[in-house]
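# Build the 3D model from these lines:
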Amino acid sequence: MMHNHSQESGTHYDASTDRMPRTTLFFSVHDMVGALDECLRALKRASVSMTRIESRPSKSVDPGYDFFVDVDAHTKELVQRVIEEVKKVKVVRDVRFVGSLEEEEEISAVVNEHAVPWFPRKVSDLDTFAEKVMEMGEELSSDHPGAKDPVYRRRRYDIVQKAKEYRTGQPLPRIEYTQEEKDTWRQVYTRLRAMYPKYACREFLHVFPLLEQNCAYGPDTIPQIEDISRFLKDCTGFTLRPVMGLLTPRDFLNSLAFRVFHSTQYIRHHSDPYYTPEPDCCHELLGHVPLFADPNFAELAQEIGLASLGASDEDIEKLATIFWFTAEFGLCREGTEVRAFGAGLLSSFGELEYALTEKPEKRTFDPSLTAVQKYPITQYQPVYFVADSFRDATSKLREFNSSMRRPFQVRYNPYTQSVEVLDTKDKVQHFARTIRNEMQLLASALEQL
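The predicted structure follows:
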């Protein structure tokens, strides 16, 4: 369904000519395959042309959408015929048109009060992100090490096309890596693997050997994301999904709500194996993947994702900054030591060593302060935030998220892989019953210990 943030709406009626040069029809539909097509066919039966369409997640129909459609209905009789035809569509609710300035203002107020950015409701909605990348992917910037290498560029294009074509439920694409790509991987893998015991957090060190045992991690072979995704799902429910390049912060964070991590499959240019201007499979598979197998880190990542659903642009920026200082460049305390857990550190030889010296400033993780901290993206970080533990960071994040201005709460349903918006009494009561049943199970388990 098309989603447009145009603010234009309303009907302007010229009493002197008994004509309505532009009429905005408002209706709500249930989210069903073919629902919008049926509505458009109704407009065709009424013999009117559509000049604009806008959709928003519905406040009255869940799951569903509210539509605002401008049609060329020039008389009141034609407008009435349009309404009658649209009402015949079974999935449609609340059909009306804006027939006066007062009514236009009333509907605009309702829409603006509840308007939130579109967000995915089920895991298959992530398919809409397939071609929405900000940069990199198949197009390389002029300063990219592989920009002037036609063989590398063609290789990137072929790999990216697999991510572009992937849809939920399909087997994840397998890449037959070249020997040159494997040689690049070996150099990165060998050097980082030797540094991890000294710098990485205990959770990372616990998982990494399991990846070597179960997912073909090693210096000679680049692991396949299909194998890794299966392993992660068994551990925490997280899965991987191929991606063309850099997603917008909103789309990337939204995916985490479904315990889905978007991973690139191409590798940095062989001319400089120790440098990359972008996330590649070395960054994803060595830096990010291991901790998605840890339940406490997985919970922290999903908490950021859930908070991002329907969040304002301002709050998305704050959540993306929190992700930057945790999942990308986070440090944590282990007794009297500080260790690294951020992927940007665990996939960077130089910054991993630098971050754990006395040179940068280290502050205790506090979401309200972390969220507004400015940071550079082309040099080592001057400031890092240190979490007491993943559980503590998640607890603090939940408290921070409760202060956000989103007019509803959401929960993830792992059985249906969908997000439920808790915006009605019935939904909240159903959720309460679910919690009550879980508490009874917990009490019974405690009694048996």
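
# same for the helix or strand Leu397 falls within, what does it pack against?
Applying DSSP states H and E as the criterion places Leu397 in helix 390-401. The contact analysis (3 or more CB pairs under 8 Å, 6 or more residues apart in numbering; DSSP states H and E) places helix 390-401 against helix 295-308, helix 367-370. All C-beta spots, glycine's among them, are computed from the backbone N, C-alpha and C.

# tell me the average confidence for it?
Helix 390-401 shows a mean pLDDT of 96.

# CA-only coordinates of stretch 288-296 in PDB, if you can.
Output of stretch 288-296 as PDB, limited to C-alpha atoms (Å, rounded to 0.1, in the frame of the first residue of the first chain):
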ATOM      1  CA  HIS A 288      27.600  -8.200  15.400                       C
ATOM      2  CA  VAL A 289      26.500 -11.800  15.000                       C
ATOM      3  CA  PRO A 290      28.100 -13.500  18.100                       C
ATOM      4  CA  LEU A 291      26.100 -11.400  20.600                       C
ATOM      5  CA  PHE A 292      22.800 -12.000  18.900                       C
ATOM      6  CA  ALA A 293      23.200 -15.500  20.300                       C
ATOM      7  CA  ASP A 294      23.300 -14.200  23.800                       C
ATOM      8  CA  PRO A 295      19.800 -13.900  25.400                       C
ATOM      9  CA  ASN A 296      20.500 -10.700  27.400                       C
END
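
# what's the spacing between the most centrally placed residue in the chain and Leu247?
Geometric centre of the chain, nearest residue: Asn254, 2.4 Å, by CA atoms, centre = their mean. Relative to Leu247, Asn254 is positioned 9 Å away (CB to CB, to the nearest Å).

# what's the answer for Ser47, then?
Counting by CB to CB, the gap from Ser47 to Leu247 is 42 Å.

# Kindly report the same for Ala340.
Ala340 is 24 Å from Leu247, by CB to CB.

# The two: which has the busier surroundings?
A direct count of neighbours by other CB atoms under 10 Å for Ala340 and Leu247 places Ala340 higher, at 27 against 17.

# Pretty sure the more buried one sits against Arg202.
No: in this structure Ala340 lies outside contact range of Arg202 using CB atoms under 8 Å: 11.3 Å.

# and the helix or strand where Met439 lies, how far from the chain's centre?
Following DSSP H and E, one finds Met439 within helix 425-447. Here the centre of helix 425-447 is set off from its chain's centre by 29 Å, with CA atoms, centre = their mean, to the nearest Å.

# Just confirm Val69 is within a strand.
Yes: judged by DSSP: H, G, I helix; E, B strand; the rest coil, Val69 forms part of a strand.

# Would you mind measuring from it to Val79?
On the measure of CB to CB, Val69 and Val79 end up 12 Å apart.

# for Arg398, same thing?
Taking CB to CB, one finds Arg398 at 49 Å from Val79.

# what about the two, which has more around it?
Val79 (21 against 15).

# Could I get the pLDDT score of Leu346?
98.

# residues in contact with it?
192, 196, 199-200, 204, 286-287, 290, 340, 352 (CB atoms under 8 Å, 6 or more residues apart in numbering).

# Which one of those residues is nearest to Ala371?
Ala340 (20.9 Å; CB to CB).

# mind listing the strands for the stretch 101-250 of the chain?
Along the stretch 101-250 of the chain, the segments classed as strands by DSSP state E, counting those that start in this stretch run 239-242.

# any weak-confidence spans in it?
101-115, 134-138 (pLDDT under 70).

# which residues in it form helices?
Assigned by DSSP state H, counting those that start in this stretch, the stretch 101-250 of the chain shows helices spanning 101-114, 150-165, 179-199, 202-214, 225-235, 249-256.

# possible to save those as TSV with distance to Leu43?
Converted to TSV, the helices of the stretch 101-250 of the chain look like this (distance: least, CB to CB, whole Å):
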stretch	distance to Leu43
helix 101-114	19
helix 150-165	33
helix 179-199	52
helix 202-214	54
helix 225-235	43
helix 249-256	31
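
# closest to Asp94 out of those helices?
Of all the helices of the stretch 101-250 of the chain, helix 101-114 comes closest under CB to CB, at 10.6 Å.

# Now for Val419, how many residues are close by?
Look at Val419: counted by other CB under 10 Å, it has 23 neighbours.

# try Arg186
Arg186: 16 neighbours (other CB under 10 Å).

# these two touch, right, it and Asp220?
Yes: at 6.6 Å, Arg186 counts as touching Asp220 under the criterion of CB under 8 Å.

# Can you tell me the closest non-neighbouring residue to Ala301?
Leu256 (5.2 Å; CB to CB, 6 or more residues apart in numbering).

# With Phe349 instead?
Arg191 (5.8 Å).

# same deal with Tyr65?
Nearest to Tyr65 is Ser55, by CB to CB, 6+ apart, at 4.8 Å.

# How about Arg411?
Nearest residue to Arg411, sequence neighbours excluded (CB to CB, 6+ apart): Glu420, at 5.3 Å.

# Report the secondary structure state of the one you found.
strand.

# That one and Ser55, how far apart?
Using CB to CB, we find Glu420 at a distance of 20 Å from Ser55.

# Surely Tyr65 is in contact with Ser58?
Yes: in this structure Tyr65 lies within contact range of Ser58 using CB under 8 Å: 5.3 Å.

# Report the set of residues contacting both of these two.
Joint contacts of Tyr65 and Ser58 (CB under 8 Å, 6+ apart) are 28-29.

# Can you list phi and psi of Tyr65 for me?
Phi and psi for Tyr65, reported as degrees, to the nearest 10, are phi -140, psi 150.

# Contacts only, for it.
Going by CB under 8 Å, 6+ apart, Tyr65 touches 1, 28-29, 31, 55-58.

# cool, Met404 as well?
Taking CB under 8 Å, 6+ apart as the test, what Met404 contacts is 307, 311, 315.

# For Val260, see how far away the residue nearest to the second one when sequence neighbours are not counted is.
Same thing as Ala311. Closest residue to Ala311 apart from its sequence neighbours, by CB to CB, 6+ apart: Arg406 at 5.8 Å. Computed as CB to CB, the Arg406 to Val260 distance reads 21 Å.

# So between those two, which is more surrounded?
Just comparing Arg406 and Val260: by other CB under 10 Å the higher neighbour count belongs to Val260, 24 against 15.

# is it true that that one touches Thr239?
Yes: counting by CB under 8 Å, Thr239 is a contact partner of Val260 at 5.6 Å.

# ok, now how distant is the closest residue to Ile159 other than its chain neighbours from Tyr275?
What sits nearest to Ile159 in space, not counting adjacent residues and going by CB to CB, 6+ apart, is Tyr266, at 4.6 Å. Tyr266 is 15 Å from Tyr275, where distance means CB to CB.

# Who has more neighbours out of these two?
Tyr266 (26 against 12).
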